[in-house]
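*Asks:* The sequence and its predicted three-dimensional model are supplied below.
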Amino acid sequence: MTKPDRIPAILLDRVTKRYAEAPPVLENLSTTIKPGEFVSIIGPSGCGKSTLLKLVSGLSPTTSGSIAVDGMTPAKAREIVSFIFQDPTLLPWRTVTRNIELGLELEGVARERRQATVAGLLTLVGLEHVAKSYPRQLSGGMKMRVSIARALASNPKVLLLDEPFAALDEMTRDRMNEELIRLYLERAWTVLFVTHSVAEAVFLSSRILVLAPHPGRLAHDIPIDLPFPRTPELRRSELFDRVVAQVSRTLREVEAS
Ligand SMILES: Nc1ncnc2c1ncn2[C@@H]1O[C@H](COP(=O)(O)OP(=O)(O)OP(=O)(O)O)[C@@H](O)[C@H]1O
């Protein structure tokens, strides 16, 4: 007997999304994302990138077509999915530790287990030294790390990130990219990552989906065959520059069409 194929991490089958009576934002979008893939979504402003993440997260329903996350509807898959937004939205009156444990608290996880989980996450994102600080005492990069740690507290299998590093300076952003790749390799997540930066998408991804607008649709599906782990040296290599140039050209063609 042949072994059944592994269930796709994310399956999009002819997904169409329309807000009220407006023309569709996404139309007939189909693709399969395998477990462990790091997929970035790029495309002109308004082509439906954020909308796609909202559909996969179950925050917003599809108009037609279907989405399966690990074989489940997005609503059922919420427990295995974490969504990280550009704005970390930390609670200012809670310390770093208490921000990270918020979700676990709401789930009713006992205090001791919460503390053990948070201690591990603080180490993972390198924030042990600010465990008792408040958000206002942190830099933008640190706030984003708290937000990532909070998203990881529920031990997700699928991570959805909507331009998480857009507000950071370039150096911090590069460092966060390297940390994200380290965590991705360690935790074996499936990642769907929205960005406007082609270099960031190339650095992080095993695959890039280029969406075209009006209506949003899949224009290109580009595998990124650079070796993992991705390192700062890779970013300085000619090969990296070549891939970035190639993807930028594709994006410009989509923007011009
Ligand atoms: N809740 C909503 N109600 C009505 N229209 C919406 C809603 N959310 C998004 N839209 C519209 O859907 C289109 C796609 O928006 P979306 O934010 O998904 O695009 P995007 O590719 O992420 O854009 P950007 O790159 O500028 O962040 C836009 O025209 C936007 O105005």
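*Replies:* Great, that's in hand.
*Asks:* my guess is L218 contacts S30, does it?
*Replies:* Yes. Contact criterion C-beta atoms under 8 Å: L218 and S30 qualify, at 7.4 Å. (C-beta placed from N, C-alpha, C; glycine too.)
*Asks:* of those two, who's got more company?
*Replies:* L218 (20 against 13; other C-beta atoms under 10 Å).
*Asks:* where does that one fall, phi/psi-wise?
*Replies:* phi -80, psi 110 (degrees, to the nearest 10).
*Asks:* What separation do you get for it and the ligand?
*Replies:* 13 Å (C-beta to the nearest ligand atom, to the nearest Å).
*Asks:* Close to the ligand: what parts of this protein are there?
*Replies:* 19, 25, 43, 45-51 (C-beta under 6 Å from any ligand atom).
*Asks:* if you set the cut-off to 5 Å instead, what comes out?
*Replies:* 19, 25, 45-51 (C-beta under 5 Å from any ligand atom).
*Asks:* pLDDT weak spots in this structure?
*Replies:* Across the chain, the ranges flagged by pLDDT under 70 are 1-5.
*Asks:* which stretches of it form strands?
*Replies:* 10-17, 26-33, 38-42, 64-69, 81-84, 158-162, 190-194, 207-212, 217-223 (DSSP state E).
*Asks:* Now distance to R136 too, for those, in JSON lines please.
*Replies:* Formatted as JSON lines, the strands of the chain follow (distance: least, C-beta to C-beta, whole Å):
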{"stretch": "strand 10-17", "distance to R136": "36"}
{"stretch": "strand 26-33", "distance to R136": "38"}
{"stretch": "strand 38-42", "distance to R136": "32"}
{"stretch": "strand 64-69", "distance to R136": "35"}
{"stretch": "strand 81-84", "distance to R136": "20"}
{"stretch": "strand 158-162", "distance to R136": "24"}
{"stretch": "strand 190-194", "distance to R136": "27"}
{"stretch": "strand 207-212", "distance to R136": "36"}
{"stretch": "strand 217-223", "distance to R136": "41"}
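*Asks:* if we compare those, which one ends up closest to L234?
*Replies:* strand 38-42 (14.4 Å; C-beta to C-beta).
*Asks:* Alpha carbons only: can I get the closest one in CSV?
*Replies:* The C-alpha trace of strand 38-42 is given here as CSV (Å, rounded to 0.1, in the frame of the first residue of the first chain):
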residue,chain,number,x,y,z
PHE,A,38,8.6,29.4,4.3
VAL,A,39,6.4,31.3,1.8
SER,A,40,6.5,35.1,1.3
ILE,A,41,3.8,37.0,-0.5
ILE,A,42,4.7,40.1,-2.4
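*Asks:* Might you calculate how far that strand sits from the centre of the chain?
*Replies:* With C-alpha atoms, centre = their mean, to the nearest Å as the basis, strand 38-42 stands 8 Å off its chain's centre.
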